[in-house]
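*Asks:* Got a predicted structure here, sequence first:
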Amino acid sequence: MSNLNNNAIQVKLAALLPVLIAFACQSSRGSDAYIMNPILGHQQTFPLSDHVGSFDRNRSYELSSLIELGLANNPYTRSAWFNALASSAAVGQAKSPYFPKLTFKAAGGYDSGYASVQGGPIYYQRTALTPTFNLEYLLLDFGRRSADVRNTVALLEAANLEFSRKVQSTVFAVQQSYFAHTASLVQRDAAVANLELAKTILAMVEDQKKVGLATQPELLIAQKTYTQAQFDMADAERNVLVTLGNVRTAVGLEANAPLKVSRTAALPPLETISGKVDELINTAIARRPDLAAKIADIRASKASTDRALADFMPTVSLEGSYQNHTYNYSAQQGTNSGTFDGNHSYPSGFVVMSWDLFDGFERVEKVKKRQAEEAMARANAESTRLETTRDVWTDYNNSLKARKRVEYANSLLSSAKENFDSMEAAFKNGLATITELVSLQSALATARFEQAGAQADYLTSLAALSLAMGEFSVPSSTKVKPASL
């Protein structure tokens, strides 16, 4: 992790290494594509995958490759990306009024008729072609265009930030489901071991009963323990399938897609998170993309208010046209007839001032609306800031609790295994009852399940803390992109 708060604090999350290792990966497929925002002056990069849902059915995916697959396939991430593209186009649309508008219109055709005059009716036939060019150029608008551009630029920045946050949320969703799945695999292994142990104990009791060293109630206890172990095994198998479906949907695939997932490596050594939670909260406030997006929304709302105020001012524009009228005209009155041809041009140019003096208080109410929306945007930003502090506070304390739970689970498993081994040896020598052995067997199984769950919760809590602080970032060199643009 990088230094926090200008090197004032460091968050040492060594255990998060497998969580964040995905961001150090660099794939070799695909090529980068980006949009350049001329207003903000930086690139928005996100590569393109070949197609949606592309994955290798024969490959077993680890966490880093699952994150790559999720970023490429997850429809929520792609939706945010396309929203950013639409916002980028809106900036160009808002800038278009700075350029003159030139239109062309041409009318051509034929007509015939007559006109009643004193000397008798005149019959005529005519053909004409009239091309026309019209020019409109807004010279002065008292801030309307600049306010529109500032509004769309702020909305583009907000869309880019929301996209970054959506990437972070997608990564966390993949991590969370992956840790839960690997924990279910470990718990299934524990259930298998417990089932084999229960089967072994049942066989031991059956043998002892045959020689008169065990009673019928003890045999029933052993059989009940074996049946419970079978139930626990079935439940563990169900959890494996459910969590695997969660992993698949987290990466943007159907829950029944034939995606294979490999188990995570052993849990790294536990290290304490250094630094005061107050400093972590300050760092989160400075880094969270969704909070920065709310600040951008305030700027967009302020620009909308300025735009509404500018509508009270006049506009000054240049309007001009050029028209060419070409015609052929034939007419007849009595015995007289004639044909006429002509070509005439009609240029024009005007400076036009337009000013709405009264509109039924529409502009007044519009300003009130924009001011209320600006106040609402400020309230939303404050709400997000409070949620940020809450998220960091909660996830920080959750991570400390989860770390202690891992230590407790490790100690509990070690103790339960030692106690069971001792009791098993005593039982074989006839110094312990089946009830005592089964009790310690149950404690050993519980300890194994607890350890797997504690490790998954610890890794998930660290990932949640990084998400709360806005720490996730995808390097520009990554080849992960949405499926299509």
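*Replies:* Looks like it arrived, so ask away. Residues are numbered from 1 along each chain as shown.
*Asks:* pLDDT weak spots in the protein?
*Replies:* 1-54, 264-275, 472-485 (pLDDT under 70).
*Asks:* The helix or strand hosting Leu219 packs against which elements?
*Replies:* According to DSSP states H and E, Leu219 maps onto helix 216-250. Helix 216-250 is packed against helix 63-73, helix 144-210, helix 434-469, with contacts defined by 3 or more C-beta pairs under 8 Å, 6 or more residues apart in numbering; DSSP states H and E. Bear in mind the C-beta positions are built from the backbone N, C-alpha and C, glycine included.
*Asks:* and among those, the most buried is which?
*Replies:* helix 63-73 (a mean of 25; mean count of other C-beta atoms under 10 Å).
*Asks:* After that helix, which helix or strand is next?
*Replies:* helix 75-95.
*Asks:* got a list of what the residue nearest the centre of the chain touches?
*Replies:* By C-alpha atoms, centre = their mean, the chain has its centre lying nearest to Lys166, at 2.1 Å. Residues near Lys166 by C-beta atoms under 8 Å, 6 or more residues apart in numbering: 76-77, 79-80.
*Asks:* 10 Å - rerun?
*Replies:* The contact partners of Lys166, taken as C-beta atoms under 10 Å, 6 or more residues apart in numbering, are 71, 74, 76-81, 83-84, 289-290.
*Asks:* a markdown table for these, including distance to Leu135?
*Replies:* Listed next are those as a markdown table, based on distance: C-beta to C-beta, whole Å:
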| residue | distance to Leu135 |
| --- | --- |
| Leu71 | 48 |
| Asn74 | 48 |
| Tyr76 | 46 |
| Thr77 | 45 |
| Arg78 | 42 |
| Ser79 | 41 |
| Ala80 | 41 |
| Trp81 | 39 |
| Asn83 | 36 |
| Ala84 | 35 |
| Pro289 | 44 |
| Asp290 | 45 |
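*Asks:* Just the buried subset of those, written out for ChimeraX, thanks.
*Replies:* The buried subset of these, as determined by 16 or more other C-beta atoms under 10 Å, is captured in ChimeraX by this line:
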select :71,74,77,78,80,81,83,84,289,290
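*Asks:* Show me which of the contacts of Lys166 is closest to Ala255.
*Replies:* Nearest to Ala255 out of the contacts of Lys166 is Asn74 (C-beta to C-beta; 14.0 Å).
*Asks:* circling back to that earlier point, nearest to Arg378, out of the helices and strands packed on helix 216-250?
*Replies:* Across the helices and strands packed on helix 216-250, closest to Arg378 is helix 144-210 (C-beta to C-beta), at 13.6 Å.
*Asks:* picking up where we left off before, for Arg390, find the nearest of the helices and strands packed on helix 216-250.
*Replies:* helix 434-469 (8.8 Å).
*Asks:* Which residue is the nearest non-sequential neighbour of Leu102?
*Replies:* Leu135 (5.5 Å; C-beta to C-beta, 6 or more residues apart in numbering).
*Asks:* what are the phi and psi angles of Asp421?
*Replies:* Backbone torsions for Asp421, taken as degrees, to the nearest 10, come to phi -60, psi -40.
*Asks:* State whether it and Ala432 are indeed in contact, as I suppose.
*Replies:* No - Asp421 is beyond contact range of Ala432, at 12.0 Å (criterion: C-beta atoms under 10 Å).
*Asks:* more crowded one of the two?
*Replies:* Ala432 (16 against 12; other C-beta atoms under 10 Å).
*Asks:* who are the neighbours in contact with the residue located most distally from the centre of the chain?
*Replies:* Largest separation from the mean C-alpha position in the chain: Thr335, at 83.7 Å (C-alpha atoms, centre = their mean). The contact partners of Thr335, taken as C-beta under 10 Å, 6+ apart, number zero.
*Asks:* cool, and Ala191?
*Replies:* 184, 229-237, 239-240, 445, 448-449.
*Asks:* Pull up the gap between it and Tyr123, please.
*Replies:* As judged by C-beta to C-beta, to the nearest Å, Ala191 and Tyr123 stand 104 Å apart.
*Asks:* Assumed Phe55 was part of a helix.
*Replies:* No - Phe55: not assigned to a helix; according to DSSP: H, G, I helix; E, B strand; the rest coil it is coil.
*Asks:* how deep is it tucked in, by neighbour count?
*Replies:* 20.
*Asks:* On the three-state scheme, Gly119 is what?
*Replies:* Gly119 ends up coil, using three-state DSSP.
*Asks:* Pretty sure it sits against Gly334.
*Replies:* Yes - counting by C-beta under 10 Å, Gly334 is a contact partner of Gly119 at 7.2 Å.
*Asks:* Can you flag the buried ones in the contacts of Ala191?
*Replies:* By 16+ other C-beta under 10 Å, the contacts of Ala191 give 184, 229, 232-233, 236, 239-240, 445, 448-449 as buried.
*Asks:* can you put those in TSV and add distance to Tyr458?
*Replies:* Below are the buried ones among the contacts of Ala191 laid out as TSV (distance: C-beta to C-beta, whole Å):
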residue	distance to Tyr458
Ser184	16
Ala229	27
Asp232	23
Met233	25
Ala236	20
Asn239	18
Val240	20
Ala445	21
Arg448	16
Phe449	15
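*Asks:* if we take these, which one ends up nearest to Ala158?
*Replies:* Ser184 (38.6 Å).
*Asks:* Isn't the closest one up against Arg238?
*Replies:* Yes - the pair Ser184 / Arg238 is scored as a contact, 9.0 Å apart, by C-beta under 10 Å.
*Asks:* which strands and helices sit next to the helix or strand containing Gly108?
*Replies:* Assigned by DSSP H and E, Gly108 belongs to strand 101-115. Identification of packing neighbours for strand 101-115 by 3 or more C-beta pairs under 10 Å, 6 or more residues apart in numbering; DSSP states H and E yields strand 122-140, strand 315-333.
*Asks:* for the helices and strands packed on helix 216-250, which one sits closest to Phe361?
*Replies:* helix 144-210 (19.4 Å).
*Asks:* quick one: the closest one to helix 63-73, angle?
*Replies:* 140 degrees (axes from the mean of the first three to the mean of the last three C-alpha atoms, to 10 degrees).
*Asks:* between helix 144-210 and strand 122-140, what angle do the directions make?
*Replies:* Using the same axes, to 10 degrees: helix 144-210 against strand 122-140 is 70 degrees.
*Asks:* just how off-centre is helix 144-210 within its chain?
*Replies:* Centroid displacement of helix 144-210 relative to its chain, using C-alpha atoms, centre = their mean, to the nearest Å, is 16 Å.
*Asks:* And for stretch 413-422?
*Replies:* 46 Å.
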